[in-house]
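# Predicted coordinates and the sequence they were generated for:
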Amino acid sequence: MPSVYSLLMRVPDELKPWAAMGVGSLILVCLVLFHGIGIHRILVLHVSGEKRLRKGRPHVVQAVVLFGLAIFLLLFLHLVEVVTWAFVLMSMGLVERAHDAIYFCANAYTTLGFGSVDINPQWRNISPIIGISGLFTFAWTTSALVSVVGGHNRLLEQLHEEREKQKEMRGELRNEIREVGTRECEAESAQRVAAREKMVSASLRQRWEIWRDEKGKVVGLRKEELKEIAELYRKEQAEEEKLGPGEEQEGKK
């Protein structure tokens with residue numbers, strides 16, 4: 001089976017500039033379609049990630065990671081397209097070395113227009129086609145980037161508000177735990193005072209029983225304290241899980 005280079009060499013010299021435009025246009029359409037599919041998948045990924053982060057506890061770091069991932073994937077699309085153009089030029093025999101092909105395509109794709117690498121003048125028309133593909137895809141990426149940045153800013157604003165609510169909840173939890181500890185200490189002190197009063201006129205055996213009963217009641221008070229604190233933690237955790245917009249607000253978004 002003849003190679004792409006051998007087929008292109010059979011094209012008459014006067015038709016090679018037109019052939020370059022035809023091949024370039026075909027590759028441009030394919031890459032723009034690929035770019036559109038990639039943009040769609042990235043936006044879907046980012047929106048689904050936003051919805052997940054809007055529910056429950058505020059995870060600001062995860063929001064930043066999600067934003068960075070979206071930016072990296074947008075960049076990755078362009079890198080794939082530059083490498084694809086380089087592969088096309090190498091397949092056509094217009095550039096011999098891979099790094100030269102990538103350098104040439106990157107310059108043309110970003111419309112920088114400078115570099116020491118050049119191709120056969122008869123196939124030079126493919127260079128502006130590469131530039132046009134870059135203009136198309138960069139414009140598409142810019143519109144997607146505006147959407148991603150806008151969604152990210154709204155998400156961060158909500159997460160920061162929820163973080164403040166979370167701090168308030170945890171502050172209230174600490175106060176409630178402090179109150180429980182204070183009540184437990186007061187109850188222990190009352191038990192000790194009552195035990196000492198009973199020991200004044202009690203026999204040695206009775207004092208032992210009073211002391212044992214007092215210790216048992218103190219242990220019971222501490223168990224109750226731990227149980228109450230655990231319940232406070234459970235309620236606070238449940239309240240944190242409810243952070244985020246309600247169903248009506250979520251439906252509007």
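Happy to help now that I have it.

# drop to CA atoms for contacts and neighbour counts, all remaining ones
Will do.

# Just give me the residue right at the centre of this protein.
Central residue of the chain (C-alpha atoms, centre = their mean): Leu66, 1.4 Å from the mean position.

# what bits of the protein have low per-residue confidence?
1-13, 56-57, 114-115, 240-253 (pLDDT under 70).

# Okay, domains of it per the record?
As assigned by automatic domain parsing, the chain contains the domains 4-162, 166-252.

# Out of these, indicate the one that is most buried.
Neighbour counts (mean count of other C-alpha atoms under 10 Å) averaged over each of the domains of the chain peak at domain 4-162, with a mean of 17.

# could you pull out the helices for the stretch 101-250 of the chain?
126-199, 204-241, 247-252 (DSSP state H, counting those that start in this stretch).

# Just put these in a markdown table and tack on distance to Ala101.
Shown next, in a markdown table, are those (distance: least, C-alpha to C-alpha, whole Å):
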| stretch | distance to Ala101 |
| --- | --- |
| helix 126-199 | 12 |
| helix 204-241 | 53 |
| helix 247-252 | 48 |
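
# For Asn120, which of those helices is the nearest?
Closest of those to Asn120 is helix 126-199, at 10.3 Å (criterion: C-alpha to C-alpha).

# For that closest one, which helices and strands make contact with it?
helix 16-54, helix 60-91, helix 98-109, helix 204-241 (3 or more C-alpha pairs under 8 Å, 6 or more residues apart in numbering; DSSP states H and E).

# Need these in JSON lines (columns: distance to Val146).
Shown next, in JSON lines, are these (distance: least, C-alpha to C-alpha, whole Å):
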{"stretch": "helix 16-54", "distance to Val146": "11"}
{"stretch": "helix 60-91", "distance to Val146": "11"}
{"stretch": "helix 98-109", "distance to Val146": "21"}
{"stretch": "helix 204-241", "distance to Val146": "30"}
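
# just so I know, which of those helices lies nearest Phe138?
From those, taking C-alpha to C-alpha, the stretch that ends up closest is helix 60-91, at 8.3 Å.

# Now do the closest one against helix 98-109, angle only.
110 degrees (axes from the mean of the first three to the mean of the last three C-alpha atoms, to 10 degrees).

# now helix 60-91 against helix 16-54, angle please.
170 degrees.

# now the angle from helix 60-91 to helix 126-199?
Going by the same axes, to 10 degrees, helix 60-91 makes 160 degrees with helix 126-199.

# which helices and strands does helix 60-91 pack with?
helix 16-54, helix 98-109, helix 126-199.

# between the ones you listed, which one is nearest to Leu77?
Closest approach to Leu77 among those is made by helix 16-54 (6.6 Å; C-alpha to C-alpha).
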